[in-house]
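Participant: Here you go, sequence then predicted model.
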Amino acid sequence: MQSWIPLVPDSASTFSWKVDALYFYLSGVTLFFALLISSVLIFFVIRYRRRTPYEIPRPIAGSHKLETLWTIIPFVIAMTMFGWGAQVYFQQYKPPANAIEVYVVGKQWMWKLQHATGQREINQLHIPVGRKIKLIMTSEDVIHDFFVPAFRTKMDVVPGKYTTMWFEATTPGTYHLFCAEYCGMNHSGMTGSIIVMEPREFDNWLSGNAGSGTPAAAGQQLFQSLGCASCHGANGEGGRGPTLAGVFGQKTQLQTGDSVTVDEGYVRESILNPQAKLVAGFGAIMPTFQGQITEDQLMQLVAYVKSLPAGGQTQQPATTTTPAARQAASPTQNVK
Ligand code: CUA
């Protein structure tokens, strides 16, 4: 499955041809002008060489037409690069809503991955072909970078925050996974593989690796054992602390009057540094969990909060996700 062009890696995701096309365009434009300028240069050196020791060149008056032309042409070319590049970039870095989620923790010097269905992997990721996959990533120590050349995408994996990336594989096979950020002695060995399977094979793989329960279930246990339930309600329905049920992906109003979208990063920050962005109507009473839970446990708590249907688990999910319904479901949630 090696590409037909030497040194170009396999092409196996929905972006790879777009990145390649842009790359070949940039290379083509560069090559064209490099050849044009160097051949004109050589031609002029010969054509306008000094022929006698006392020769004086003809004075040049300048040309507005010519100057306008060589300003406009490079401008148009540069703008095509910018516009095309921005389009490819935004498509790559905005994860779609309906993706299969996988949690990734990088550490010196290995990749730990967990599927939303519970299966854990180290330095390997099994995914089905033709499905959108979203990675939610963080690091336990230094900055790493999740790089899959065949998918033409990479993203930094940074301690203290979540970063995300997504891709959709187009061809079954095994592809390299590299760490693309120097992270210490064994950085070059921090590699792995992405195994792209036919959907049915993937389902077999999933059921053959049932493993340790889902991250959301583990998160629920932590939620009880860490005492979160005493303020946020047994099912995240709220109480002395803000409602957690059904808020994921929604906007929430803060004490400061700003609003924030409840995403993985916000939930994580609120566990480690609860005072940073207080929900309107609630005091600064929550203790920090900084240093008390691992990155894996944090991701499990995030997965749990994400899994909570609106109105607590005792009520019907899905239909009550409008802001008004959420407000009705949680009388403690104030307007600013
Ligand atoms: Cu991890 Cu380089």
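Facilitator: Nice, thanks for sending it over. Numbering: from 1, shown residues only.
Participant: If we look just around the ligand, which residues of the stretch 101-250 of the chain are in range?
Facilitator: 106, 109, 144, 179, 181, 182, 183, 187, 190 (Cβ under 6 Å from any ligand atom). Glycine gets a C-beta too; all of them are placed from N, C-alpha and C.
Participant: and if we set it to 8 Å?
Facilitator: By the rule Cβ under 8 Å from any ligand atom, the part of the stretch 101-250 of the chain lying against the ligand is 106, 108-109, 142-145, 157, 179-184, 187-188, 190.
Participant: distance of the residue in the stretch 201-336 of the chain positioned nearest to the ligand from residue 272?
Facilitator: Using Cβ to the nearest ligand atom, residue 295 is the residue of the stretch 201-336 of the chain that sits closest to the ligand, at 14.6 Å. With distances taken as Cβ to Cβ, to the nearest Å, residue 295 is found 11 Å from residue 272.
Participant: And the two? Which one has more around it.
Facilitator: Neighbour totals were compared for residue 295 and residue 272, and residue 295 leads with 20 against 16 (other Cβ atoms under 10 Å).
Participant: How about the residue of the stretch 1-150 of the chain found nearest the ligand: what's its closest non-neighbour residue?
Facilitator: Going by Cβ to the nearest ligand atom, the ligand is nearest to residue 144 of the stretch 1-150 of the chain, at 3.4 Å. Once flanking residues are discounted, residue 144 sits nearest to residue 106: 3.7 Å by Cβ to Cβ, 6 or more residues apart in numbering.
Participant: How about residue 298?
Facilitator: residue 268 (5.8 Å).
Participant: any idea which helix or strand carries that neighbour?
Facilitator: Using DSSP states H and E, residue 268 sits within helix 264-272.
Participant: one step back: unless I'm mixing things up, the residue of the stretch 201-336 of the chain closest to the ligand is touching residue 105, no?
Facilitator: Yes. Between residue 295 and residue 105 there is a contact at 5.0 Å, judged by Cβ atoms under 8 Å.
Participant: shared neighbours of these two, anything?
Facilitator: Residues touching both residue 295 and residue 105 by Cβ atoms under 8 Å, 6 or more residues apart in numbering: 138, 139, 140.
Participant: The first one belongs to a helix, doesn't it?
Facilitator: No. When DSSP: H, G, I helix; E, B strand; the rest coil is applied, residue 138 is found to be strand, with no helix at that position.
Participant: pLDDT at it, what is it?
Facilitator: At residue 138, the predicted lDDT confidence score is 91.
Participant: how close does it get to residue 144?
Facilitator: From residue 138 to residue 144 the distance is 10 Å (Cβ to Cβ).
Participant: what is residue 156 paired to in the beta sheet?
Facilitator: Residue 156 has these beta-bridge partners by DSSP bridges: residue 145.
Participant: quick revisit: what is the nearest of the shared contacts of residue 295 and residue 105 to residue 222?
Facilitator: residue 138 (16.5 Å; Cβ to Cβ).
Participant: follow-up on the earlier one: which of the shared contacts of residue 295 and residue 105 has the most neighbours?
Facilitator: Neighbour max across the shared contacts of residue 295 and residue 105 (other Cβ under 10 Å) = residue 138, 25 neighbours.
Participant: Who does that residue form a beta bridge with?
Facilitator: residue 105.
Participant: Any figure for the gap between it and residue 111?
Facilitator: From residue 138 to residue 111 the distance is 12 Å (Cβ to Cβ).
Participant: which residues are common contacts for these two?
Facilitator: With Cβ under 8 Å, 6+ apart, residue 138 and residue 111 have common neighbours 104, 105.
Participant: how about the host helix or strand of residue 22: buried residues?
Facilitator: Using DSSP H and E, residue 22 sits in helix 16-47. Neighbour counts over helix 16-47 (16 or more other Cβ atoms under 10 Å) mark 16, 18, 19, 20, 22 as buried.
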